[in-house]
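*Asks:* here are the coordinates; sequence isn't available:
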């Protein structure tokens, strides 16, 4: 063999050796990366939970492939989706008697009296008598007197915009006072601060954005992770999706309904930017063990956010109302760095107001958006919105000033008394059970009898004028007790007992929309189908 051939073979062997080395490195990195992910997942979910999750994922992949490649499969699924969407659209798009739908601006403006007439027609379409107290949450009505006061405040500040504090100093002052009052309610230190937002979702979004940016700047975290109970409000899921954060859902203890602390500890790593606990959570009304979460947060130097959006004006007054929580959930807990609390629920402020509170201004600084190079000038805003309705600030301030501490203590006493009465009444019904150990205004329950399907119970209650919240995973119903429910709590228990008796006698009597929709959803393994139905529902909201 010539020296040239030998040299070429040596060169190829060397290059192949290098390529083989690179291939081995890439393989090792891939095994390390996904092995690390798998181990972390097993630490949080457990071996059995991880296997179940893997099975569900493989099933979803198989169904997706089948829909794409099996002849007629996708068309059949699409047909069923369209059927469900059409049903939802018909339910939402009922005609308003004598109202002419407006597809375009009227060529000539209508007189004010004509506009008011149309407004009255549209209002008359409300098919739920919420004043009867048969709805769960949704309408947090503090009485006609506060309603009139808030309406008057709205009228006085209709054009006000907090984006321009130099033009509307009164609105700026009211906003500062609302934040200050909330901070005192939650026993904040003098260093604490906060911002008003448009609601609980924005408050949570702001906290998530804040801690993502803080971890990126102070710790160099580029693959942020957020730890929260599976029962946390879904606005946390939304925030994680919006801001590119990996959400680690932690299961809850089946007996207490509280987040599993051992699995929270297992989920913490160098990418964890925040931990979230609920006070209480939306599905079951359970308060997570905030002091225990705080201990972990302090140990690992991780921010802890308490989502008290639902409990905003219940938590601070529960003790004085005679219903003390077994532990603190506010800034008296060392590791708590932020709290979100809605003013537009049990604070009886107009819809569209909430407060996000931070332990220090240094933390809140990461919430802000500031740009100094825009040709339109230097621009900064504290939250997502630019322009905001000053009327909402005024309405919130007016409601809080009108009720005062004594007023909120009294409404809390009445609401929690009703919630306890409902929970005790449900416990006395042999076929039902209360989920966890609710301490505040939300009571969730499901069936412990194979003869009683909980969604069928919901359908019977619906026919009797009740509009409660239907839950899943597990199937259940809950009521978020409001001031309106106080006088209707006994009626609910009577209707529940009668619904159970009806189902025991004739199980088919509860076959209605709730049982059909949620029963179908529970049996559909392809969750993309449910997502498609949801998209159809959202599309229907703006259809004529």
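*Replies:* Nice, thanks for sending it over. Remember, predicted model here, so these are calculated numbers, not experimental data. Numbering: from 1, shown residues only.
*Asks:* Show me the domain layout of the chain.
*Replies:* Domain ranges of the chain: 39-64, 405-540, per automatic domain parsing.
*Asks:* Between the ones you listed, which one is closest to residue 204.
*Replies:* domain 405-540 (17.6 Å; CB to CB). Using the backbone N, CA and C atoms, a C-beta is placed for each residue, glycine as well.
*Asks:* How far does that closest one sit from its chain's centre?
*Replies:* Distance, stretch centre to chain centre, for domain 405-540: 18 Å (CA atoms, centre = their mean, to the nearest Å).
*Asks:* now the strands: where do they sit in this structure?
*Replies:* Using DSSP state E, the strands found in the chain span residues 193-197, 225-229, 246-250, 272-278, 304-307, 336-342, 354-358, 369-371, 379-381, 432-434, 442-447, 469-471, 476-480.
*Asks:* out of the ones you listed, which comes closest to residue 538?
*Replies:* Short answer: strand 469-471, nearest of the strands of the chain by CB to CB, at 18.3 Å.
*Asks:* which helices and strands does the closest one pack with?
*Replies:* Contact partners of strand 469-471 among helices and strands, from 3 or more CB pairs under 8 Å, 6 or more residues apart in numbering; DSSP states H and E: strand 476-480.
*Asks:* got any ranges where the stretch 101-250 of the chain has weak pLDDT?
*Replies:* Low-confidence segments of the stretch 101-250 of the chain (pLDDT under 70): 127.
*Asks:* And residue 118, how far from residue 193?
*Replies:* According to CB to CB, to the nearest Å, residue 118 stands 44 Å off from residue 193.
*Asks:* neighbour-wise, which of these two wins?
*Replies:* The residue with more neighbours, out of residue 118 and residue 193, is residue 193; 21 against 15, by other CB atoms under 10 Å.
*Asks:* in the sheet, who's paired with the more buried one?
*Replies:* Residue 193 has these beta-bridge partners by DSSP bridges: residue 358.
*Asks:* one step back: now distance to residue 98 too, for the strands of the chain, in CSV please.
*Replies:* CSV is the format used below for the strands of the chain (distance: least, CB to CB, whole Å):
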stretch, distance to residue 98
strand 193-197, 39
strand 225-229, 49
strand 246-250, 48
strand 272-278, 46
strand 304-307, 44
strand 336-342, 37
strand 354-358, 38
strand 369-371, 46
strand 379-381, 43
strand 432-434, 44
strand 442-447, 40
strand 469-471, 33
strand 476-480, 35
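*Asks:* closest to residue 147 out of those strands?
*Replies:* strand 336-342 (17.7 Å).
*Asks:* Residue 243: neighbouring residues, count only.
*Replies:* Applying other CB under 10 Å, I find that residue 243 has 16 neighbouring residues.
*Asks:* from memory it sits against residue 208, does it?
*Replies:* Yes - if you go by CB atoms under 8 Å, residue 243 and residue 208 touch, sitting 5.8 Å apart.
*Asks:* for the strands of the chain, which one sits closest to residue 392?
*Replies:* Residue 392 lies closest, by CB to CB, to one member of the strands of the chain: strand 193-197, at 8.3 Å.
*Asks:* Does anything pack onto that closest one? Which helices or strands?
*Replies:* helix 169-185, helix 200-219, strand 354-358, helix 361-364.
*Asks:* Out of those, which is closest to residue 225?
*Replies:* helix 200-219 (9.5 Å).
*Asks:* Please state the offset of that closest one from the chain centre?
*Replies:* How far helix 200-219 lies from its chain's middle: 16 Å, per CA atoms, centre = their mean.
*Asks:* what's that helix packed up against?
*Replies:* Packing partners of helix 200-219 (3+ CB pairs under 8 Å, 6+ apart): strand 193-197, helix 235-242, strand 272-278, strand 304-307, strand 336-342, strand 354-358, helix 361-364.
*Asks:* What is the fourth one packed up against?
*Replies:* The criterion is 3+ CB pairs under 8 Å, 6+ apart, and the helices and strands that strand 304-307 contacts are helix 200-219, strand 272-278, helix 290-300, strand 336-342.
*Asks:* Report the buried residues of the third one.
*Replies:* What that stands for is helix 290-300. 290-297 (16 or more other CB atoms under 10 Å).
*Asks:* Show me how far it is from its chain's centre.
*Replies:* Here the centre of helix 290-300 is set off from its chain's centre by 23 Å, with CA atoms, centre = their mean.
*Asks:* do the last one as well
*Replies:* When C-alpha coordinates are averaged (CA atoms, centre = their mean), strand 336-342 and its chain have centres 14 Å apart.
*Asks:* hang on, the earlier thing: identify whichever of the helices and strands packed on strand 304-307 lies nearest to residue 111.
*Replies:* Comparing the helices and strands packed on strand 304-307 by CB to CB, helix 200-219 comes nearest, at 37.3 Å.
*Asks:* ok, back up a step: any idea which of the buried residues of helix 290-300 is closest to residue 533?
*Replies:* Closest to residue 533, out of all of those and judged by CB to CB, is residue 293, at 35.4 Å.
*Asks:* one step back: which one of the helices and strands packed on strand 304-307 is the most hemmed in?
*Replies:* Across the helices and strands packed on strand 304-307, averaging neighbours per residue (mean count of other CB atoms under 10 Å) puts strand 336-342 on top, at a mean of 29.
*Asks:* List of residues touching stretch 100-120?
*Replies:* Contact with stretch 100-120 is made by 99, 544, as judged by CB atoms under 8 Å, 6 or more residues apart in numbering.
*Asks:* looking at the protein, which helix or strand does the model trust least?
*Replies:* Across the helices and strands of the chain, mean confidence by mean pLDDT, DSSP states H and E is lowest for helix 513-523: a mean of 60.
*Asks:* Nearest spatial neighbour of the most centrally placed residue in the chain, chain-adjacent residues omitted?
*Replies:* The residue lying closest to the centre of the chain (CA atoms, centre = their mean) is residue 233, at 3.0 Å. Distances taken as CB to CB, 6 or more residues apart in numbering put residue 282 closest to residue 233, at 5.1 Å, once the chain neighbours are dropped.
*Asks:* just residue 356 next, same as before
*Replies:* Leaving aside its sequence neighbours, residue 356 sits nearest to residue 203 (CB to CB, 6+ apart; 4.1 Å).
*Asks:* Next, work out how far apart the one you found and residue 473 are.
*Replies:* Using CB to CB, residue 203 is found at 25 Å from residue 473.
*Asks:* Then residue 306?
*Replies:* Residue 306 is 23 Å from residue 473, where distance means CB to CB.
*Asks:* Likewise for residue 498?
*Replies:* Taking CB to CB as the measure, residue 498 falls 28 Å from residue 473.
*Asks:* between those two, which one's more packed in?
*Replies:* Between residue 498 and residue 473, counting by other CB under 10 Å, residue 498 is the more crowded of the two (13 against 9).
*Asks:* For the more buried one, report the pLDDT, please.
*Replies:* On pLDDT, residue 498 comes in at 94.
*Asks:* The one 3 residues further on now?
*Replies:* Confidence at residue 501, expressed as pLDDT, is 94.
*Asks:* If you tally nearby residues, what's the number for it?
*Replies:* Close neighbours of residue 501, defined as other CB under 10 Å, add up to 11.
*Asks:* Going forward, the N-terminal residue is numbered 75.
*Replies:* All set: I'll call the first residue 75, so the last point we hit is now residue 575.
*Asks:* Against residue 549, how distant is it?
*Replies:* 20 Å.
*Asks:* what does residue 559 give?
*Replies:* Going from residue 559 to residue 549 by CB to CB gives 22 Å.
*Asks:* Out of the helices and strands packed on strand 267-271, the one nearest residue 208 is which?
*Replies:* helix 274-293 (23.7 Å).
*Asks:* Next, the angle strand 299-303 makes with the closest one.
*Replies:* 140 degrees (axes from the mean of the first three to the mean of the last three CA atoms, to 10 degrees).
*Asks:* Residue 559 and residue 549: which has the busier surroundings?
*Replies:* Neighbour count, other CB under 10 Å: between residue 559 and residue 549, residue 559 has more, with 24 against 17.
*Asks:* Once you drop chain neighbours, what's closest to that one?
*Replies:* Nearest residue to residue 559, sequence neighbours excluded (CB to CB, 6+ apart): residue 207, at 4.9 Å.
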